[in-house]
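Chemist: coordinates only, sequence not included:
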């Protein structure tokens, strides 16, 4: 196995970029082990398969964890209200998911430093604090939605609410408190396998496969111009629940904690593709099953919650089908809670220099485990408080995620172009062009979402005006960037030879990147937009809560 630091020694020097020495050593995955001193070439299908099995985990867990309670609700709503006409959004999200998550796995394997810490060190205290605070708040709210999913599933299955929430919280906490990375990953992958319950359920309900295949590749906006605002908000919800900020922080830190180095990049990319395939298939299955279950019924177009989806599936295909859906929802909520809690604990541990590794026992990383358990306990308690505005909390999560996602993507793009951080692993021009376009789309969706929260009766024309204005701004920005590249001095091509052995030097030895006038203006505009949008969204949510 490749050495983990730049001086080619198996034990990190005091000035290593790796912040926790537990992040150095053998790869002990759920399905295999790779020794630190294993430098042998893996040739032959059997050897490569064993290596892949040992590496599998980060990409699979982050993707399957994204098909959580909120995702079940969003995809179920799309299917119940509009049939399979919005399936095409999932196909468009595939390259977005891959490019975003490939960049963070590259950052993790090459730097050995978590996402929040890199933002702090490369962009200053304001953005470092902002990234951790917004992640903490958003993840705390997201955890509440996971426990809402647990209560809905338990209620359908006839299980007592309080006991179900307490037991689920205990399982989520205990699985991480073993002091063994391998045991945690085995539990997480077992739960990921539980998502495959959707496969037999799909065949029981048997939605029209030909129609699904058509809608998967042919874009369609249901409802016409009269429902454009409603449909656009649902599409934004699909994007927000499929491409979430916590994913970036989770996968980068989990890759580091699993001790994956650049040598295994191709295996980790394969792991990511496996996860993407499962998440897209699962999302399409939920949407298709809901469409088939509610087609031609009075409930079509009247989505309430995922418990209602389970009841509709039962009415359409029988009790077994309803139970399978509820169990799949319960499983998805728990794996989502795993990932969201862990991403928060990793980020805070990374920024504040605490020991933060699943390889350590509780005594060896008290702060890390306290944050993880505390988040889970608080979320479970909120759900059990009588009269808690659970529906409002779910709305708040979707809104804040939509507002914050563009900023997360901006920093990801900047870090992946930082030569001091990634050296020969920096982005190429095609990746930059695609990611810049994605950021532009996310900013547009974020502005629409913010406007819709402030003005619930927003019209289709207003949404089209926002899209047109953002499109013009994007074209102008792209033209300016292209002009600068044409008139500026041409840089030498990046030498990527020997990059499998390249690791980021210690953070304290790196020079802070120079801020050009253009970047200062852009970062300032982003800061102003985020502050205004978040304040207005919070005010609106408080107003709605008081109105209730």
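Modeler: Here it is on my side, so go on. Worth saying up front: this structure is predicted, and the values here are computed from it rather than measured.

Chemist: hang on, isn't residue 451 packed against residue 466?
Modeler: Yes. Counting by C-beta atoms under 8 Å, residue 466 is a contact partner of residue 451 at 6.3 Å. The way it works is simple: take the backbone N, C-alpha and C, and place the C-beta from them, glycine included.

Chemist: Which residues are in contact with each of the two?
Modeler: Common neighbours of residue 451 and residue 466 (criterion: C-beta atoms under 8 Å, 6 or more residues apart in numbering): none identified.

Chemist: Show me what counts as buried in stretch 295-311.
Modeler: 295, 299-300, 303, 305-311 (16 or more other C-beta atoms under 10 Å).

Chemist: can you give me how far that stretch is from the chain middle?
Modeler: 27 Å (C-alpha atoms, centre = their mean, to the nearest Å).

Chemist: Pull the contacting residues for the residue nearest in space to the middle of the chain.
Modeler: Geometric centre of the chain, nearest residue: residue 247, 2.7 Å, by C-alpha atoms, centre = their mean. Residue 247 sits next to 62, 66, 100-101, 104, 343 when contact means C-beta under 8 Å, 6+ apart.

Chemist: Point out the least confident one among those.
Modeler: On pLDDT alone, residue 66 ranks lowest of these, at 87.

Chemist: Next one: that residue from residue 195, what distance?
Modeler: Per C-beta to C-beta, to the nearest Å, residue 66 is found 11 Å from residue 195.

Chemist: Specify which residue of the two has the higher count of neighbours.
Modeler: Just comparing residue 66 and residue 195: by other C-beta atoms under 10 Å the higher neighbour count belongs to residue 66, 28 against 21.

Chemist: Touching, the more buried one and residue 240? I think so.
Modeler: No. Checked against C-beta under 8 Å, the pair residue 66 and residue 240 is beyond contact range at 10.7 Å.

Chemist: Tell me where the protein has strands.
Modeler: Applying DSSP state E to the chain gives strands spanning 27-29, 32-34.

Chemist: deepest of those, which one?
Modeler: strand 27-29 (a mean of 22; mean count of other C-beta atoms under 10 Å).

Chemist: That strand packs against which elements?
Modeler: helix 45-55, helix 181-194 (3 or more C-beta pairs under 8 Å, 6 or more residues apart in numbering; DSSP states H and E).

Chemist: quick check: mean pLDDT across it?
Modeler: pLDDT averaged over strand 27-29 gives 93.

Chemist: Repeat that for stretch 106-121.
Modeler: 92.

Chemist: Can you list the buried residues in that stretch?
Modeler: 106-121.

Chemist: if we can go back for a sec, now, which of the contacts of residue 247 sits nearest residue 263?
Modeler: Of all the contacts of residue 247, residue 104 has the smallest distance to residue 263: 17.9 Å, by C-beta to C-beta.

Chemist: In this structure the closest one contacts residue 412, no?
Modeler: Yes. Taking contacts as C-beta under 8 Å, residue 104 lies within contact range of residue 412: 6.6 Å.

Chemist: shared neighbours of the two, anything?
Modeler: Shared contacts of residue 104 and residue 412 (C-beta under 8 Å, 6+ apart): 115, 248.

Chemist: average model confidence for stretch 434-449?
Modeler: Averaging pLDDT residue by residue across stretch 434-449 gives 82.

Chemist: do the same with stretch 467-481
Modeler: 73.

Chemist: And stretch 272-285, by the same measure?
Modeler: The pLDDT scores in stretch 272-285 average 95.

Chemist: List the buried residues of that stretch.
Modeler: Quick answer for stretch 272-285 (16+ other C-beta under 10 Å): 272-276, 278-285.

Chemist: what's in contact with that stretch?
Modeler: 56, 58-64, 66-67, 71, 75, 87, 90-91, 93-94, 97-98, 101-102, 105, 192, 195, 198-199, 201-202, 212, 216, 242.

Chemist: Return the residues in contact with the closest residue to residue 84 other than its chain neighbours.
Modeler: Excluding the flanking residues, the one nearest residue 84 by C-beta to C-beta, 6 or more residues apart in numbering is residue 215, at 4.4 Å. Residue 215 makes contacts with 83-88, as judged by C-beta under 8 Å, 6+ apart.

Chemist: Just the ones of the buried residues of stretch 106-121 in helices?
Modeler: Mapping those onto helices (DSSP state H) picks out 106-111, 115-121.

Chemist: Name the nearest of the residues you listed relative to residue 407.
Modeler: residue 119 (9.9 Å).

Chemist: Tell me how far the nearest residue to that closest one once chain neighbours are set aside lies from residue 191.
Modeler: Among residues not flanking residue 119 along the chain, residue 131 sits closest, at 4.8 Å (C-beta to C-beta, 6+ apart). With the distance defined as C-beta to C-beta, residue 131 ends up 28 Å from residue 191.

Chemist: same deal with residue 456?
Modeler: Distance, residue 456 to residue 191, using C-beta to C-beta: 37 Å.

Chemist: Counting neighbours around each, name which of those two comes out higher.
Modeler: Neighbours per residue, other C-beta under 10 Å: of residue 456 and residue 191, the larger number sits with residue 191, 21 against 10.

Chemist: confidence score at that one?
Modeler: 93.

Chemist: just the one 10 residues further on next, same as before
Modeler: Predicted confidence (pLDDT) at residue 201: the value is 94.

Chemist: Just to check, it is in contact with residue 328?
Modeler: Yes. Under the criterion of C-beta under 8 Å, residue 201 makes contact with residue 328 at 6.9 Å.

Chemist: give me the number of residues near residue 374?
Modeler: 15.

Chemist: Kindly report the same for residue 461.
Modeler: Residue 461 - counted by other C-beta under 10 Å - has 11 other residues nearby.

Chemist: List the residues that contact residue 360.
Modeler: Contacts of residue 360 by C-beta under 8 Å, 6+ apart are 22, 179, 368.

Chemist: closest to residue 155 among those residues?
Modeler: Nearest to residue 155 among the contacts of residue 360 is residue 368, at 33.2 Å by C-beta to C-beta.
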